[in-house]
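S.K.: What follows is a predicted protein model with its sequence.
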Amino acid sequence: MPSSSTTISVAPRHNSAGLRFWHWSNAALVLAQLLTILFMFVIVKVKTLAPEFSKVLAEKGVNMAPEDLRGLTRIVSHRIWDWHIWIGITLSVLLAFRVVVSFLQRGRQRTGAKIAALKGRAAQGDIVAQQGVWVRYAYRGFYVVLAVMVVTGLILVFEDNFRSIEHTAKEVHEFTMYLVIAFVAAHIAGVFRAEVTHDPGIVSDMINGGASDEE
C-alpha cells in the first residue's frame, strides 16, 4: 500500500518575530536617544557646568582659566554626544532591518493587509476600525520621520562632507526630534487606552506575536 505524507502548514502569527524584535529594539533606542538629549540640556546642563566646576575647584584652592574650564565641560559634552551618535548609527541599522522585515511579512502580517482589514470593518460602520486606519497611517508617517531623523543625523556625523547642507540638516534633525517625542507620547497613551478599552492584549500580541490566522 503506498504511503502518503501530510504537510502541515502553520499560519503566521499576527506580528512576526522580526517585527517584534524591531519594535522593542527601536523603542529602547529611541528612548535612549531622547535620554541623551534630556541629560545634555535638562539634567546635566552642560552649558552651566563651567561655573559649577569653578566653584567646586575654588573651594579646594584650585583656580583654572576659563578656557580650561570649557575644556572640562567639553569632555562631558563629547561623551554624551558619543553615546548619541552610536545610538543613532544603531538606529539607522535597525531602520534598514525594518525595510527588510517588511518584505518578509506573510498574509495578514503585511501592513497593507492590516489596513485593508480595518478599512473593511470601517466601511461597515466600525468606529474603532476607522480610528485604527488613521493609526496605521500614523505609523507610516512615523517611519518617514524616523528615516529623516536618521539621515540628517548621519549628515551631521559626517558633516565635513556636507558643509553646504549642515545647517539645514541640523534644523531638520531637531524638528524631527520633537515630532518623534510627540509620536512616542501619543503612542504610549494610545496603546494604554486600547489595552483597557477595545483592544485588550495589544501589548502581549507585540510580545508573543498574537493569534495566527487559524486560531
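M.R.: Perfect, thanks for sending it.
S.K.: what pLDDT, on average, does the helix of greatest length in the chain get?
M.R.: Counting residues, the longest helix in the chain under DSSP state H turns out to be helix 66-104. Per-residue pLDDT over helix 66-104 has a mean of 83.
S.K.: hey, where'd the helices end up in this protein?
M.R.: Under DSSP H, the chain gives helices at 17-38, 49-59, 66-104, 111-123, 127-157, 166-196, 202-208.
S.K.: Reformat those helices into a markdown table and put mean neighbour count next to each item.
M.R.: To be clear about C-beta, it is placed using only N, CA and C from the backbone, and glycine gets the same treatment. Shown next, in a markdown table, are those (neighbours: other Cβ atoms under 10 Å):
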| stretch | mean neighbour count |
| --- | --- |
| helix 17-38 | 16 |
| helix 49-59 | 14 |
| helix 66-104 | 14 |
| helix 111-123 | 15 |
| helix 127-157 | 16 |
| helix 166-196 | 14 |
| helix 202-208 | 14 |
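S.K.: least reliable of the ones you listed going by mean pLDDT?
M.R.: helix 49-59 (a mean of 69).
S.K.: measure Ala113 to Ile202 for me?
M.R.: As for Ala113, its distance to Ile202 is 17 Å (criterion: Cβ to Cβ, to the nearest Å).
S.K.: center of the chain, which residue is that?
M.R.: Val30 (4.0 Å; Cα atoms, centre = their mean).
S.K.: which ones are touching it?
M.R.: Contacts were defined as Cβ atoms under 8 Å, 6 or more residues apart in numbering; by that measure Val30 touches 91, 146, 180, 184.
S.K.: what do you get for Thr152?
M.R.: Per Cβ under 8 Å, 6+ apart, neighbours of Thr152: 169-170, 172-173, 176.
S.K.: Please apply the same query to Ala32.
M.R.: 83, 87.
S.K.: quick revisit: other SSEs contacting the longest helix of the chain?
M.R.: Secondary-structure packing of helix 66-104 (3 or more Cβ pairs under 8 Å, 6 or more residues apart in numbering; DSSP states H and E): helix 17-38, helix 49-59, helix 127-157.
S.K.: got JSON lines for the ones you listed, with distance to Val100 too?
M.R.: Formatted as JSON lines, the helices and strands packed on helix 66-104 follow (distance: least, Cβ to Cβ, whole Å):
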{"stretch": "helix 17-38", "distance to Val100": "8"}
{"stretch": "helix 49-59", "distance to Val100": "42"}
{"stretch": "helix 127-157", "distance to Val100": "14"}
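S.K.: so which of these comes closest to Ile87?
M.R.: Relative to Ile87, the nearest member of the helices and strands packed on helix 66-104 by Cβ to Cβ is helix 17-38, separated by 5.0 Å.
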